[in-house]
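# Make a model of this:
(one chain, ligands or ions: 1)
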Amino acid sequence: MMSEARCPVCKKPVVAQYRPFCSRRCSQIDLGKWLGESYRFEAPPDDDEEVFIRDDKEEDE
Ligand SMILES: [Zn+2]
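Residues are numbered from 1 along each chain as shown. As a prediction, this is how the structure comes out:
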């Protein structure tokens, strides 16, 4: 029977003290991943720059 869980970060066997991770470091790495992904999602695209360039051109001509 496979009752052994694996750390989602490094795939090592989980240590009960740090479930569901194998160590405190891996739990912090996983938390950082989530925060990083949500930041990227909310980051504005580069489309805003195009609008600024268009405005400048219209004013010049
Ligand atoms: Zn781990």
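# Only C-alpha atoms from now on, for both contacts and neighbour counts.
Fine.
# Quick check: end-to-end length of stretch 4-13?
In stretch 4-13, first residue to last residue: 7 Å (Cα to Cα, to the nearest Å).
# Next, see if that stretch gets close to the ion.
Yes - Stretch 4-13 lies within reach of the ion by Cα under 5 Å from the ion, at Cys7, Val9, Cys10.
# Filter these down to the ones in helices?
Using DSSP state H, the subset of the residues of stretch 4-13 next to the ion located in helices is empty.
# Give the buried residues for stretch 22-35.
By 16 or more other Cα atoms under 10 Å, the buried positions in stretch 22-35 come out as Cys22, Ser23, Cys26, Ser27.
# Quick check: Pro20 vs Lys33, distance?
15 Å.
# likewise Cys7?
Per Cα to Cα, Cys7 is found 14 Å from Lys33.
# Residue numbers of the chain in contact with the ion?
So the chain meets the ion at Cys7, Val9, Cys10, Cys22, Cys26 (Cα under 5 Å from the ion).
# wait, doesn't the fourth one sit right on Pro13?
Yes - between Cys22 and Pro13 there is a contact at 6.2 Å, judged by Cα atoms under 8 Å.
# what touches both of the two?
Common contacts of Cys22 and Pro13 (Cα atoms under 8 Å, 6 or more residues apart in numbering): Arg6, Cys7.
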